[in-house]
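Peer 1: Need coordinates for the below:
(one chain, ligands or ions: 2)
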Amino acid sequence: MTQFPPINPKLPRLWHGADYNAEQWPPDIWPEDMRLMTLANFNVVSVGIFAWTALEPEEGCYRFEWLDDLLDLLAANGKYAIVATPSGAKPAWMAAQYPEIRRVRPDGIRESQGGRHNHCFTSPVYRTKTQAINARLAERYRDHPALVLWHISNEYSGECHCALCQEAFRAWLARKYGTLDALNHAWWTAFWSHTYTDWSQIEPPSPIGETSVHGLTLDWKRFVTDQTLDFMLNEIAPLRAISPDVPITTNFMGTFPGLNYWKLAPALDVIAWDSYPLWHQNIPDAEHAVTVAFVHDINRSMKGGQPFMLMESTPSVTNWHPHAKLKRPGMHRLSSIQAVAHGSETVQYFQWRKSRGSSEKFHGAVVDHAGHEHTRVFRDVAEVGQALEKLTPVLGTTVPARVAIIYDWENRWALEAAQGPLHDGDKGYLAACLDHYRALWKRGIPVDVIDMEQDLSRYDLVIAPMLYMVRPGVAERIGAWVNAGGTFVTTYWSGIVDENDLCFLGGFPGPLRALLGVWAEEIDALTPNDTNRIAVEPGGAPGLAGEYTARDLCELIHAEGADVLATYATDFYAGRPALTVNRFGQGWAYLVVSRNEQRFTDDFLGGLCAELGIRPVIEADLPAGVSVQMRGDGERAFVFVMNFNPQPVEVALDRRGYVDLISGQDVASSLALEPYGVRVLEQTDPA
Ligand code: GLA
Ligand code: ZN
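Peer 2: Ligands and ions are numbered 1, 2, ... in the order given. Got it, this is the predicted structure:
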């Protein structure tokens, strides 16, 4: 395994910091900010994120002096700066002078000025203005001792339906399809007389227009991602040209539906995301921790295991969760270190000083309106900073995952569009991915979360729940990897549509049929109170025994060469296959035919990992709600033990030779963790 270089060699530590919106405050408060940042054990802050008007109060009239002073002050105080490009919020003067930079909504109305994250991605004016200010930032600060990273814009999102965007969409379609005939075929537009006879007739999906052509819906989402990427590349161009040594990131938003982040990732040097977990709300923390872990793992997987950044998190509450529940003692530290456990090399907050007015005045911040360090939140933050110092040895290590789960944005979009066999949302796609992820999380087995385009050769087990869409080449790649010895698990409702959202003809699961050795003839959608049961054949099925409950979706398949490991126990399809495995070359391809209770997935994946020799980080039964993760570089190994329960737990360890990295103490054969407690253990004598 390799060691990854630090984000920037200028700051070879775990980064601890926050968004610092200094332009909202009089500069005479900045020296006090420096004193407090030192007390909070900060080494970095993000500046200038929404500072366009402060930097360019009138067209072409730039004011960088305040940012010069701020960066100098940071450098003088031993702090580093992530400098943002300001495009996330357009200035009022610009919106007034160039109305075309304001977005047009799906219903055709152009927005007034206000809010943020709402500029047109196509507008040549906005692109020119963005490049101009970015070039000036790069020229002015490329050699500044404080600068460690460019933060491009902020949380790219949304879409614009203006004439420029629509024209760009049609040009994108013409490049993709070449002819209208090809487009009409791919979108199946003969349906309801939707055939386009001229390119100009094509409009984006809209609640007052077209919503029924799924190929259009899918291509529009692809276009929005591509246009956002194109805008981002336009922003990045002057930065790369003028400051080639300064790395670049932008902040993602987890499983945000609007953008396929895998397409943006290659343009960035490091992946960053903003994490705002719903701790202590309606979902038990130990359950919610699974979802948070899953998203951390997506972000780590986006660059082949390269450590990522936790760019934003709240030090206390948000102003947008349904209930602004305070983090219970220990949770701030646990949640911050959870990110590091999954591969983050930063813990950063929104924001440093709590806003005095406007919409974020009650959003949590490190420094509250009281203005001093004598608060619970400040102490919690400072303590995380201390812990991160002690965790410096984990820098450059990653999570050694031999298992991958495929979670794919386009697959999700297609499932969201589909009408049937269930009607809501993504048809339980994310939940199905999480069910499989949870089974591995509970056992302490590290997982990568990838899209369907990734190279599989580094994995022994790949799980693709509901691989509904199969894009060209994907079945072939999975097949070749299984043929060479990989073990593949997929489920019901896989191999249904191609990249255009057209159903595969000739029998499901389409291109996966030979690999799985089955033909899926029908699928039964159960009502919420309805269940079926599946009965496992004695022996044969890894980890499984007896009967399990099935809900929601039960596919009716025929084995065409696959072995049947379980069958349905009830209803008219009792006795039909419910779990199959097909020998394919040197490997195995499993099909889970129904959506089953968690116990099934736990037993099955636990058994499968044991058969494949995929060992958990700690070979011991973990108490419920305890997560164990590992980072290493092949030589050193760091084990993170995290208690997401509001009660204390005792965790049995499988070996001696662990040292607590934060306290420096040797650890005995078991670990007593307080409520929301966390320990980071270094293996001093790797087995
Ligand atoms: C997002 C934004 C921040 C801030 C936070 C509040 O993550 O990037 O500017 O508004 O939300 O939670
Ligand atoms: Zn537009």
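Peer 1: The residue of the stretch 51-200 of the chain found nearest ligand 1: which element?
Peer 2: Residue of the stretch 51-200 of the chain nearest ligand 1, by CB to the nearest ligand atom: Glu155 (4.6 Å). Every residue, glycine included, has its C-beta placed from N, CA and C. Assessed by DSSP states H and E, Glu155 sits outside every helix and strand.
Peer 1: That one contacts Ala89, doesn't it?
Peer 2: No. Glu155 is beyond contact range of Ala89, at 10.9 Å (criterion: CB atoms under 8 Å).
Peer 1: list the residues that contact both of these two?
Peer 2: His117 (CB atoms under 8 Å, 6 or more residues apart in numbering).
Peer 1: if I pick the residue in the stretch 351-500 of the chain positioned nearest to ligand 1, what's in contact with it?
Peer 2: Nearest residue of the stretch 351-500 of the chain to ligand 1, counting by CB to the nearest ligand atom: His363, 5.4 Å away. Contacts for His363 (CB under 8 Å, 6+ apart) come out as 314, 317-320, 350-351, 354-355.
Peer 1: The residue of the stretch 51-200 of the chain closest to ligand 1: neighbouring residues, count only.
Peer 2: Using other CB atoms under 10 Å, Glu155 is surrounded by 19 other residues.
Peer 1: Now do it against Trp273, distance only.
Peer 2: 10 Å (CB to CB, to the nearest Å).
Peer 1: now swap in Pro204 and tell me
Peer 2: 27 Å.
Peer 1: neighbour count winner among these two?
Peer 2: Trp273 (26 against 21).
Peer 1: and Ser336, that one's in a helix?
Peer 2: Yes. The assignment for Ser336 is a helix, going by DSSP: H, G, I helix; E, B strand; the rest coil.
Peer 1: so what's it scoring on pLDDT?
Peer 2: For Ser336, the pLDDT comes out at 98.
Peer 1: Check Thr250 too.
Peer 2: 98.
Peer 1: in the chain, which residue is closest to the centre?
Peer 2: Among the residues of the chain, the one closest to the centroid is Gly254, at 3.5 Å (CA atoms, centre = their mean).
Peer 1: Quick check: it touching Pro277?
Peer 2: No. Using CB under 8 Å as the test, Gly254 is too far from Pro277 to be in contact (9.8 Å).
Peer 1: so is the residue nearest to His342 when sequence neighbours are not counted in a helix, a strand, or just coil?
Peer 2: Nearest non-adjacent residue to His342, counting by CB to CB, 6 or more residues apart in numbering: His296, 3.5 Å away. Secondary structure for His296, judged by three-state DSSP, is helix.
Peer 1: ok, now which ones touch His296?
Peer 2: His296 sits next to 275, 308, 338-339, 342-344 when contact means CB under 8 Å, 6+ apart.
Peer 1: Can you list which of these are found in helices?
Peer 2: Taking DSSP state H, the ones among the contacts of His296 that sit in helices are 338-339.
Peer 1: Name the surrounding residues that touch stretch 498-515.
Peer 2: 186-188, 214-215, 217-218, 410, 414, 417, 467, 469-472, 474-476, 478-479, 482, 488, 490, 494-497, 516, 518-521, 560, 582, 584, 589, 591.
Peer 1: which of the residues in it are buried?
Peer 2: 498-501, 504, 508-513, 515 (16 or more other CB atoms under 10 Å).
Peer 1: cool, stretch 476-486 as well?
Peer 2: 478-479, 481-482, 486.
Peer 1: Which members of the residues you listed are the farthest-apart pair?
Peer 2: Gly479 and Gly486 (9.6 Å; CB to CB).
Peer 1: surely Pro277 meets Glu287?
Peer 2: No. Look at Pro277 against Glu287 with CB under 8 Å: they stay out of range, at 11.2 Å.
Peer 1: Pick out whichever of those two has more residues nearby.
Peer 2: Pro277 (22 against 13).
Peer 1: can you list the residues of the stretch 201-350 of the chain near ligand 1?
Peer 2: 274, 276, 312, 318, 350 (CB under 6 Å from any ligand atom).
Peer 1: So what's the residue count around the last one?
Peer 2: Counted with other CB under 10 Å, residues neighbouring Phe350 total 23.
Peer 1: Kindly provide the distance from it to Asn251.
Peer 2: 10 Å.
Peer 1: Quickly list what's touching both of these two.
Peer 2: 274, 312.
Peer 1: how does the chain divide into domains?
Peer 2: 15-163+206-393, 403-612, 626-683 (automatic domain parsing).
Peer 1: Same list (those) but as TSV, adding distance to ligand 2.
Peer 2: Formatted as TSV, the domains of the chain follow (distance: least, CB to the ion, whole Å):
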stretch	distance to ligand 2
domain 15-163+206-393	3
domain 403-612	21
domain 626-683	42
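Peer 1: Could you tell me which of the buried residues of stretch 498-515 belong to helices?
Peer 2: Using DSSP H, these in helices are 513, 515.
Peer 1: Of the buried residues of stretch 498-515, which is the nearest to Tyr261?
Peer 2: Glu499 (18.5 Å).
Peer 1: The helix or strand harbouring Trp588 packs against which elements?
Peer 2: Assigned by DSSP H and E, Trp588 falls within strand 587-592. Packing partners of strand 587-592 (3 or more CB pairs under 8 Å, 6 or more residues apart in numbering; DSSP states H and E): helix 474-483, strand 487-491, helix 513-516, strand 577-584, helix 598-612.
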